[in-house]
Structure formats: structure tokens, C-alpha cells
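Colleague: Test case, fold it:
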Amino acid sequence: MTKTTNDIAIIGGGIGGLCLAQGLRKAGRDVTVYERDRTPADRLQGYRVHIDPHGARALHDCLPEHLWRSFLDTTGRGGQDFGFLTERLDLLALIETPEAGDPADDHHSVSRITLRQVLLAGMDEVVRFGKTYERYERLPGGRVRLHFADGTSETADVAVAADGGNSRVRRQYLPHAERVDTRITTVAGKFPLTGETRKLLAPRLVEGPNNVIPPKGIGLFCAPHDLSDVVLPDAGIGATEQEGALMDNAGSYILWAVGAAAGRFPSDVSEMSGDQLKEAVARMIRSWHPDLRRMIDLSHPDTVSLLPIRTSIPIGPWPATNITLLGDAIHSMTPMRGIGANTALRDARLLCRALTSGGDPIEAIAGYEAEMREYGFAAVRDSLRSAEQFVGDSRVARMGFKAFLRLVQRMPSLKAKVFS
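Modeller: Residues are numbered from 1 along each chain as shown. Purely as a prediction, here's the structure:
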């Protein structure tokens, strides 16, 4: 059965795809999102995500006002000053980031589950679940027919690939665009923040995000997501919809992630349970400061996950058509700089503006892709460099943040303090 729809089709209902759909709908455009998950709760991710000014501005511009307010009302207090620490908790440097006057230009900490609730709100008629995309074909009139695993197909004037790092659209449309394994492995978990557990850690670990830089081979990132002064509802946006420590998006915690190059984790790490992953990390950091070890030890095993790190390979320009891509579907990057979701949101805002400009859609997409390639692949390269420094064998080489500090010191909105 084929259905003709004079609209924009988005393949994939992740952060970028849903933000684009919200923006297009806000602008009065016909849009449909095709998501392979059967329900909104099929593939929830239980960790927080850092929204930077690029991401915040995209959400502000694409969301209707009431959902932008819902986003702001449910964000955590994570602190904005970024610390660089040794494994003994000696402070190497502190990047001070003052609060912006406009929340749309500021930094925010939000549960991925809550952000998904925001982005799905009011989209019942837009998002179609249970639609696993398989392939596309071009029709004589220029439209695109999308084929799905259930035997159905849909046609659209414009198709947007927002189907993640393993994008099937990209494989067909840009088969030379590769995504590779970095051979870096990360284990992440959540340390619960309560009145009692706060007293167990050094204040710096609770006050804001930090990179821990030991002498060689392994790194740790941690960031608080503090909801202690946020009033969340029992139902709706901000409420916890599933049981379990991992999917609790109403509690306060510190997200931590320990990364290392291939060979430092046990060979069977991919088969380990949460308890076993905790034990593996504990062995790797046994000489570190007790507070860091305590942060791992007291994390619930259900919140501990293995995260292999992959990255896309930047490619050159391609001719613009009525098929385009955003987010991880084209510029998948490591999480080491915390900019993947923000870059996808930036894509969504830029593409939304292009598709609603009133001009020729192919020319609009060409302009979007030219700008997106520049900042998107730059983010890929910067993120990979940060990942390699994160797990490198030389502390001096890994303290490449000093160049970043010099840049920061030239920016009036930021201040950097370096400690010897």
C-alpha cells in the first residue's frame, strides 16, 4: 500500500529529528516522523545530557513557547564551571562560565528521558512509531518513495535522514561515508546525590563537571545533575515513567564515565553485567583518590553501562538533492566533548530555517549542507582528538586543554584559572 503525502519526511525520532519536526510544525509545514521503535519508551536512555548555547538556541527557536518553558522548568542544576583534576583530586585548571542573561544562550543539564518527553509533546499526529525504514527510490516527478519493513511505503517532497550513526539512509545515499570504531571503550554510571551522599565526596565533584586526568591510559569525566530544588510533576514532562535506577529521571545524581583504549578493559567486557563492570573499573582506578573510588562503588549496578565509542569519517561535499541528513546520521562523533546532541540540535534549527525560507528547496538544502559540513565535521575532528587525549599515555600530551585555556582567556564571557 502506498500513501502520497505532500510533506517533509524525517526518518528517525531522536533528538535532532524531533527538534526539526517541532520547528517545522511550528512554522506550519506538513511533516511526518517515521520511527522504528514501537512506542516512545522502547529505547529510553537514562543519562543526562549537557545542552550548550547552540542546543539551547535551537530548542528555543524550534519549540512552541510552552514546551520551551517545560524544558527550562525540568533542567537540573549541574554547575557550569569546568574543572580539570588529577586522579588525586588536585585541581589543575578551572574554566569559569558565568550564567547567561538569556536562557536560550546558556548551558543546561537535562535528563535524556525528560528531553524526549518535551520533544514528543503534542506530536501524536506527527510521529509514527513501528515504522522501520528499509530503502528509498526516486520517482519520475522528483519525489522520494520510502519503503518500510511492514510492506508499506510513503512519498514525500523532501526526506531527512535523522536515523542515527547506523543510518540506513546514509548507507544508500552516501555509501562512502564511513563510521568506524575508535577502539576506545567507556563505562558509565550514576552516583545518587542525596543529603547524605553529598558529604561523601569532595565539593568539586558535586559543584560542576570535571575531567580527571591521571598519568596515562585512562580518563574519567563526571558531571552532577541536581534536581534537589526542582519541583517535578507526578505525570507528564519530567515524571519518571519506568521503574529502575537507570530510568529514574526525577532523582539527582552524578553521571560518571571512565574511558580507556583497547586492551585496558578485560577482553570479555562486552559480556559483563553492571556489577562486573563496576568491579572492572574499580580495579583500574584502585590507586586513585578514595572519593573517586567511592563514586563508582556506590553507584547502582543497574545504572552502569558499556559504551563503545565510534566516529564518522569526514567526507567532501556531495551534490544537493531533496534528500539530506542531520545529526549522527552524517557526523557521528565521540561523546568526549559533549557536543553530539548539541550539533544535531544545531542542524535541526539550521535545516528548519532553510526548509521554511520560501525559496527553492534544493538550493536551501545546499546552503544548509555547506554550513553543516563545516561545523559538523569540525566537531567530529575535535571530538576524536579529545577522545584520543582522554585515554593517551602521556599526561603532558593529554593536557591539550592548555591551548583551549589560552583561547578561553581571550573570550570575555569565560575565565580560566590554571593551578600549578
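
Colleague: For the longest strand along the chain, list the C-alpha coordinates in CSV.
Modeller: Identified as the longest strand of the chain according to DSSP state E is strand 179-192. Taking Å, rounded to 0.1, in the frame of the first residue of the first chain, the C-alpha atoms of strand 179-192 are listed here in CSV:
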residue,chain,number,x,y,z
ARG,A,179,31.7,5.3,10.6
VAL,A,180,34.4,3.4,12.5
ASP,A,181,35.3,2.1,15.9
THR,A,182,37.8,4.2,17.7
ARG,A,183,38.9,1.2,19.8
ILE,A,184,38.1,3.3,22.9
THR,A,185,35.7,1.8,25.5
THR,A,186,33.7,3.7,28.1
VAL,A,187,31.8,2.6,31.1
ALA,A,188,29.3,5.0,32.5
GLY,A,189,27.2,5.1,35.7
LYS,A,190,25.1,7.2,38.0
PHE,A,191,26.1,8.1,41.6
PRO,A,192,23.0,9.1,43.5
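
Colleague: Quick check: next helix or strand after it?
Modeller: Moving toward the C-terminus from strand 179-192, the first helix or strand encountered (DSSP states H and E) is helix 203-207.

Colleague: quick one on the thing from earlier: in its sheet, which strands sit next to the longest strand of the chain, and in what direction?
Modeller: Here strand 179-192 has these sheet partners by DSSP bridges: strand 253-261 (antiparallel), strand 305-312 (antiparallel).

Colleague: now the longest one, how far from the chain's geometric center?
Modeller: With CA atoms, centre = their mean, to the nearest Å as the basis, strand 253-261 stands 15 Å off its chain's centre.

Colleague: Kindly report the same for stretch 304-317.
Modeller: For stretch 304-317, the distance from its own C-alpha centre to the chain's C-alpha centre is 12 Å (CA atoms, centre = their mean).

Colleague: Buried residues, it. List them.
Modeller: Neighbour-count burial for stretch 304-317 flags 304-306, 309-312, 314 (criterion: 16 or more other CB atoms under 10 Å). Any C-beta I mention is one placed from the backbone N, CA and C, and that applies to glycine too.

Colleague: for stretch 348-367, same thing?
Modeller: 348-356, 361, 364-367.

Colleague: so what does the one helix or strand A21 maps to touch, helix or strand wise?
Modeller: Here A21 sits within helix 15-26, counting by DSSP H and E. With contacts defined as 3 or more CB pairs under 8 Å, 6 or more residues apart in numbering; DSSP states H and E, helix 15-26 has these neighbours: strand 8-11, strand 31-35, helix 53-62, helix 112-120, helix 340-355.

Colleague: Might one say that T39 is in contact with L120?
Modeller: No: under the criterion of CB atoms under 8 Å, T39 makes no contact with L120, lying 10.8 Å away.

Colleague: Who has more neighbours out of those two?
Modeller: Residue environment comparison for T39 versus L120 gives the larger neighbour count to L120, 20 against 9, counting by other CB atoms under 10 Å.

Colleague: So the more buried one versus P214, what's the distance?
Modeller: L120 sits 40 Å away from P214, going by CB to CB, to the nearest Å.

Colleague: Could you do I330 as well?
Modeller: 34 Å.

Colleague: next one: stretch 73-84 to chain centre, how far?
Modeller: Relative to the centre of its chain, stretch 73-84 is centred 16 Å away, using CA atoms, centre = their mean.
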